[in-house]
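> Give me the fold of what follows.
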Amino acid sequence: MLRLSALIWLTTAVLLAAAAQAKTLNLSLVMSDSSPPYRQFADSFGSALAASKSDVNMIEVADLGTASADLIVAVGMRAAGLAAARSDIPVLAVMVPEAGYREMLARLSPQVRPAMISAIYLDQPWARRIEFLRAALPERRRIGLLYSPDTHIDIEDLRKTIAARGGSLVAQPVPSADQLFARLESVLAGSDVLLAIADGTIYTSSNIRNILLTSYRHGVPLVGISQAYVNAGALGAVFSSPEQLAGQTSAAVIYFARTGQLPEPRYPETFTIALNQQVARSLGIGLPAREAIRVQMEHTQMDKTGEPNR
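Numbering: from 1, shown residues only. Prediction:
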């Protein structure tokens, strides 16, 4: 039995009012750990529910096994895996990568998997990331990509997506750690920009600095997946903050309270753009302003769907 020292279990009693009837939803919020992003999510999630006229009462419990809830919101992969073992309670997994979520479901037998489970992914849709590159770096169309077998990327589908937007993909698999920098050199030799992905085998805390230095030496900017990448020396990133994900999660919870159904697994609806102008100047790259990039991305999205990115 996992204790509070291993994971933080926060149980909230949430009063969610539908237009026609009031309904009390017992909600357990489970976090993988107490790191700042998860705490920021929890704080913003509580604020979003409060703003929706919900009464929130935070109660700590010793472990998930003692929680009694109508819905579990699991924050991060560790919490999602443990919550999914509670086959009697619906689960909404948030701040999880799509690949990790799908692998988790594949490992669960139908007898163990919750009858109702969904997710709000941490990673951005490929189309959004590619549109960011087009708006920020319109002259750099050869997109470099490193990936390990664990990411399960459909490279040919991604290649077609990039080609449809006027670019090309220069991709190399990294089957083992000792081949990382040889494959990196090969990709950089044929690329205009290196696109990082949520791959814990390649982009580890011990590797990222050397990857950034190597790409910088080649004159190839790296585009990351978070503000932390930009702070470390990436040219830019498009990502969703814990606060943005918390807002989307609160909407999904209210939908569940009103309908008894969870939305289908989906990507973040809103996003943030971060740029490193110092790195851009060092590489001789003129970057548009963040708002200009967003406006172009929104116009592209409107052209395709009639709905803007946010």
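> What is the neighbour count of A51?
By other CB atoms under 10 Å, 10 other residues sit near A51. No exception for glycine: its C-beta is placed from N, CA and C like everyone else's.
> Roughly how far does it sit from S44?
10 Å (CB to CB, to the nearest Å).
> repeat for I130
From I130 to S44 the distance is 28 Å (CB to CB).
> Compare these two (neighbour count), which wins?
I130 (22 against 19).
> Please name the residues that touch that one.
I143, T161, I162, R165, G167 (CB atoms under 8 Å, 6 or more residues apart in numbering).
> quick one: which of those residues is nearest S109?
T161 (33.4 Å; CB to CB).
> How many neighbouring residues does that closest one have?
17.
> Confirm it sits in a strand?
No - T161 sits outside any strand when classified using DSSP: H, G, I helix; E, B strand; the rest coil, being helix.
> any idea how far it is from E269?
20 Å.
> swap in V94?
Taking CB to CB, one finds V94 at 13 Å from E269.
> higher neighbour count, those two?
More crowded of V94 and E269, by other CB under 10 Å: V94, with 27 against 14.
> Assumed the more buried one was part of a strand.
Yes - according to three-state DSSP, V94 belongs to a strand.
> Spatially central, which residue of this structure would that be?
With distances taken as CA atoms, centre = their mean, the residue of the chain nearest its centroid is L122 (1.4 Å).
> In three-state terms, how would A228 be classified?
Using three-state DSSP, the structure places A228 in helix.
> Could you give the number of residues near it?
Neighbour tally, A228, other CB under 10 Å: 15.
> what do you get for G284?
G284 has 7 nearby residues by other CB under 10 Å.
> Per-residue pLDDT of it, please?
At G284, the model reports a pLDDT of 96.
> Then R113?
Predicted confidence (pLDDT) for R113: 77.
> List the backbone torsions phi and psi for A274.
Main-chain torsions, A274, degrees, to the nearest 10: phi -120, psi 140.
> what's in contact with stretch 277-292?
By CB under 8 Å, 6+ apart, stretch 277-292 touches 135-137, 216, 219, 221, 233-236, 273-275, 296.
> Apply 7 Å and report the result again.
A135, A136, G219, P221, G233, L235, I273, L275 (CB atoms under 7 Å, 6 or more residues apart in numbering).
> For burial, what's the neighbour tally of the nearest residue to E139 once chain neighbours are set aside?
Leaving aside its chain neighbours, E139 sits nearest to D192 (7.6 Å; criterion: CB to CB, 6 or more residues apart in numbering). For D192, the tally of surrounding residues (other CB under 10 Å) stands at 19.
> all strands for the stretch 51-200 of the chain, in order.
55-60, 71-75, 91-96, 117-121, 142-147, 168-173, 193-195 (DSSP state E, counting those that start in this stretch).
> what comes into contact with the second one?
Counting contacts by CB under 7 Å, 6+ apart, the residues outside strand 71-75 that touch it are 25, 27-32, 38, 41, 80, 83, 86, 89-95, 249, 253, 256.
> now the closest residue to L184 other than its chain neighbours: how far from M31?
With sequence-adjacent residues excluded and distances taken as CB to CB, 6+ apart, L184 is closest to T214, at 5.8 Å. Note on T214: its distance to M31, by CB to CB, is 35 Å.
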